[in-house]
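1. okay, sequence plus prediction incoming.
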Amino acid sequence: MHLRGLNTRQREAVLQKDGPLLIIAGAGAGKTKTITHRILNLIKSGVRPSDILAVTFTNKAAKEMKERVKDLLNNDKEINLPISINEEPYICTFHALGVHILKENARRLNITRHFHIFDRNDSLRAIKEAIKKSNFDPKQYEPRAILNIISKQKGEAISLEMYEENAGNSYFPKIVAVVWHKYEKILKEEKAYDFDDLLLETVMLLKRDETVLEHYQNFWKYIHIDEYQDTNKVQYKFVNLLARKHNNICVVGDGDQNVYSWRGADMRNILDFEKHYPGATVISLEENYRSTKTIIQAANSIIVKNKNRKEKNLFTKNTEGEKIMLFSAESEIEEAHFVALKSKELIKSGVEPKDIAVLYRANFQSRVLEEAFLSLSVPYQVLGTRFFERKEVKDILAFLRTALNPESISDMKRIINIPPRGIGKVTLLKIAEGKENKLNEGIKQKLADFRLLLKKIVETTMSAKISETIKFIFKESGFENILKKENEEDLEKLENIKELVTLATRYDNLPTLDGIEKLLEDSALASDQDELKEEKNAERLMTVHASKGLEFEYVFITGLENGLFPHISRSDEKKDEEEERRLFYVALTRAKKKIFLTYASTRMIFGSQTANPPSEFILDIDNCLLDEAVFEDAVIE
């Protein structure tokens, strides 16, 4: 019964119980369906739900997988229900898994369970401070560059000690090592981990402590990894350590959708899976359920040119579908106007705005598109403005974190003058250095009032729901009074805080401290895709990278000019070319019904007018699949 609706290959993957399994899942081939049915089959075959781990990359994907597994379990009448009532598979992102293990071992690691997770801005601020403490000039040594190097090293599973050893007497690596030392000291003082530490510190814990490793190896006997082509070295080691004992590891991915090498994703992890796990079963899912035959044919013609890939050929039983529309604009302004007008036509014909996406290679392309959408009153939403990165949201959450972790200096600095209390940098420095006794009585009183507020917040968390605690912070901190100006900016901030309260109600059913921990953890780990508010019926504007994993009825792929898309700018042009081709393949396979390809003969980039030929990708698509648009209305007088 539970195998109904699966094709032959999907069924094979679902029924493969023990040993290593590699599922090569093409775009739209039902990989989530396959993973969730495999989890169901394991449970039906006698595996305890709590023995199963499934890891993916975004909260959105993890949430979808959890819901699907729950539905399958609830709807299957043959399962011995008592087993699954109190137990469930552990489904999460890589970083959430790291947080979970670090918190469970907080005492062993001598850290607080309420450790602060530094976001990119927190890390950058700490790196600047580390540069100054190292007696270097921040103008001479770019903080972002140093942070990028440290982040890359951690992604490669390289610790500070290992980096120092490899640096030798090389000038700049020695500078990085000195700054890295100070940076780690700041993290330790503030009881914090940065985003990369959530994986690296967990891997280091598992490697050095056999007892901890064995505990998790015995706890999760069946492991599933989604989007395996996007894993980096530290994620590979993380998974390998957990799976080593029982060897029941199932990874799902598609090398043709590997587009994150710039983030450290190593496609060799999926290409060499059979070397890493001898005797592995390999199953390819090639039937696409999403797109038309036209779209699949175009996608195949693009990706087949790549050499560094596992052989795979997507096919579909869907209809032939409409041809791909190609529009050549004179400028980016005309291109944007065409996209907005066509979007308006689609919406007028009955298409829901949320079912349309506009994709671009670089973020700067969104500006002119937004102008066109505004001028034609087309509802749109730009993916990339992250809710949890808005200042007012970060401020409220910082009050909560400081109350629970008073040693988080970065959080204290953020909120100690909200509202203005007249506490300056010198005072903050003395607090950090433990020299409060040298402050004057007026400042001491202000600090006492601030700490009293934090104490009240802690007391509130003990008795109130988390949403009520957020409301309490908003009122008692003085935030409410700050936003009473009622100008447009303040009203927007107020709406965002109201949205935070609404969001917090999702955690109200958990024990108070657990709910707070979960809210703070989810806010720290939120990705771009997690910011899509599905309830807003608006057309989506986003980079191709951000679109990965999503699907839409209609897709516009813009800026298809050589130099922009494909965007070749780094030293290894051969590698770049293959990744850009994979990126275009991802863009094409987001669409269900129809694709619009657009390019501009001239485009203003960094203040200069550039003329670029059409993308080579357009030439790779068979002419019989293309329909050239003649759209006079796109010309702006």
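-> Now that the structure is in, tell me what you want to look at. Quick caveat: nothing in here was measured; it's all calculated off a predicted structure.
2. out of the helices and strands in the protein, which is least certain?
-> When the helices and strands of the chain are scored by mean pLDDT, DSSP states H and E, helix 81-85 comes last with a mean of 50.
3. how much space between K444 and N437?
-> K444 sits 9 Å away from N437, going by CB to CB, to the nearest Å. All C-beta atoms are positioned from the backbone trio N, CA, C, and that covers glycine.
4. how about the contacts made by S615?
-> S615 is in contact with 560-562, 564-566, 584, 599, counting by CB atoms under 8 Å, 6 or more residues apart in numbering.
5. pLDDT below threshold where in the stretch 301-450 of the chain?
-> 384-386 (pLDDT under 70).
6. quick one, longest strand in this structure?
-> strand 591-600 (DSSP state E).
7. where does this protein have low pLDDT?
-> Where the chain drops to pLDDT under 70, the residues are 1, 80-86, 384-386, 484-489, 527-535, 568-575, 606-608, 631-637.
8. re the thing from before, may I ask which of the contacts of S615 has the most neighbours?
-> F584 (29 neighbours; other CB atoms under 10 Å).
9. mind checking how far the nearest residue to that residue once chain neighbours are set aside is from K305?
-> If the residues on either side of it in the chain are set aside, F584 comes closest to F617, at 4.9 Å by CB to CB, 6 or more residues apart in numbering. In this view, F617 and K305 are 10 Å apart by CB to CB.
10. these two: who's more crowded?
-> Between F617 and K305, F617 has the larger neighbour count (other CB under 10 Å), namely 25 against 13.
11. surely the more buried one is in contact with F565?
-> Yes - here F617 reaches F565: they are 7.4 Å apart, a contact under CB atoms under 8 Å.
12. so what's in contact with these two at the same time?
-> F584.
13. thinking again about what came up before, continuing past the longest strand of the chain, what's the next helix or strand?
-> strand 602-605 (DSSP states H and E).
14. what separates that following strand from the chain centre, distance-wise?
-> Distance, stretch centre to chain centre, for strand 602-605: 30 Å (CA atoms, centre = their mean, to the nearest Å).
15. got the contacts of S615 as CSV, with secondary structure columns?
-> Listed next are the contacts of S615 as CSV, based on DSSP: H, G, I helix; E, B strand; the rest coil:
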residue, secondary structure
L560, coil
E561, strand
N562, coil
L564, coil
F565, coil
P566, coil
F584, helix
Y599, strand
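16. of the residues you listed, closest to T34?
-> Comparing the contacts of S615 against T34 with CB to CB places F584 closest, at 25.5 Å.
17. OK, contacts around the closest one?
-> 302, 544, 557, 565-566, 615, 617.
18. quick one, longest helix in this protein?
-> helix 441-463 (DSSP state H).
19. give me the neighbour count for the residue lying closest to I225 once chain neighbours are set aside.
-> Leaving aside its chain neighbours, I225 sits nearest to V251 (4.5 Å; criterion: CB to CB, 6+ apart). V251: 26 surrounding residues under other CB under 10 Å.
20. for V251, give me phi and psi.
-> phi -110, psi 140 (degrees, to the nearest 10).
21. what pairs with it across the strands?
-> Counting by DSSP bridges, V251 is bridged to L22, I225.
22. how far away is it from T32?
-> Applying CB to CB, the value for V251 to T32 is 14 Å.
23. what's the answer for L124, then?
-> 35 Å.
24. over to T58?
-> The gap separating T58 from T32 is 12 Å, by CB to CB.
25. ok, Q297 next?
-> In terms of CB to CB, Q297 sits 24 Å off from T32.
26. over to E561?
-> In terms of CB to CB, E561 sits 34 Å off from T32.
27. now the strands for the stretch 351-500 of the chain?
-> Remark: strands assigned in the stretch 351-500 of the chain by DSSP state E, counting those that start in this stretch are 356-360, 380-382.
28. got those as TSV, with distance to I186 columns?
-> Below are the strands of the stretch 351-500 of the chain laid out as TSV (distance: least, CB to CB, whole Å):
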stretch	distance to I186
strand 356-360	37
strand 380-382	33
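29. among those strands, show me which one is buried the most.
-> Burial of these is given as mean neighbour count (mean count of other CB atoms under 10 Å); strand 356-360 ranks first at a mean of 27.
30. any idea which element L326 lies in?
-> strand 324-329.
31. helices or strands up against that strand?
-> Contacts defined by 3 or more CB pairs under 8 Å, 6 or more residues apart in numbering; DSSP states H and E place strand 324-329 against helix 293-303, helix 332-348, strand 591-600, strand 626-628.
32. among the ones you listed, which comes closest to K128?
-> Minimum separation from K128 across those (CB to CB) falls at helix 332-348, 35.6 Å.
33. for that closest one, buried residues please.
-> Using 16 or more other CB atoms under 10 Å as the test for burial, helix 332-348 gives 332-344, 346-347.
34. angle of that helix against strand 324-329?
-> Counting by axes from the mean of the first three to the mean of the last three CA atoms, to 10 degrees, helix 332-348 lies at 140 degrees to strand 324-329.
35. and helix 332-348, what does it pack onto?
-> Right, helix 332-348 is packed against strand 324-329, strand 356-360, helix 366-375, strand 552-557, strand 591-600, strand 602-605 by 3+ CB pairs under 8 Å, 6+ apart.
36. ok, now with 10 Å
-> Using 3 or more CB pairs under 10 Å, 6 or more residues apart in numbering; DSSP states H and E, the elements in contact with helix 332-348 are strand 324-329, strand 356-360, helix 366-375, strand 539-543, strand 552-557, strand 591-600, strand 602-605.
37. from what I see, Q235 and K154 are in contact.
-> No - using CB atoms under 10 Å, Q235 is not in contact with K154, being 11.4 Å away.
38. tell me, what's touching the two both at once?
-> Counting by CB atoms under 10 Å, 6 or more residues apart in numbering, the residues touching both Q235 and K154 are 199, 203, 264.
39. and A96, how far is that from E521?
-> Noted for A96: a distance of 7 Å to E521, by CB to CB.
40. the more surrounded of the two?
-> Between A96 and E521, counting by other CB under 10 Å, A96 is the more crowded of the two (21 against 17).
41. residues in contact with the closest residue to that one other than its chain neighbours?
-> Nearest non-adjacent residue to A96, counting by CB to CB, 6+ apart: L525, 5.8 Å away. Counting by CB under 10 Å, 6+ apart, L525 makes contact with 58-59, 62, 92-96, 98-99, 117, 119, 195, 198, 388.
42. in helices, which of those fall?
-> Using DSSP H, the contacts of L525 in helices are 59, 62, 94-96, 98-99, 198.
43. so which of the residues you listed is the closest to V176?
-> Closest approach to V176 among the ones in helices among the contacts of L525 (CB to CB): L198, at 21.1 Å.
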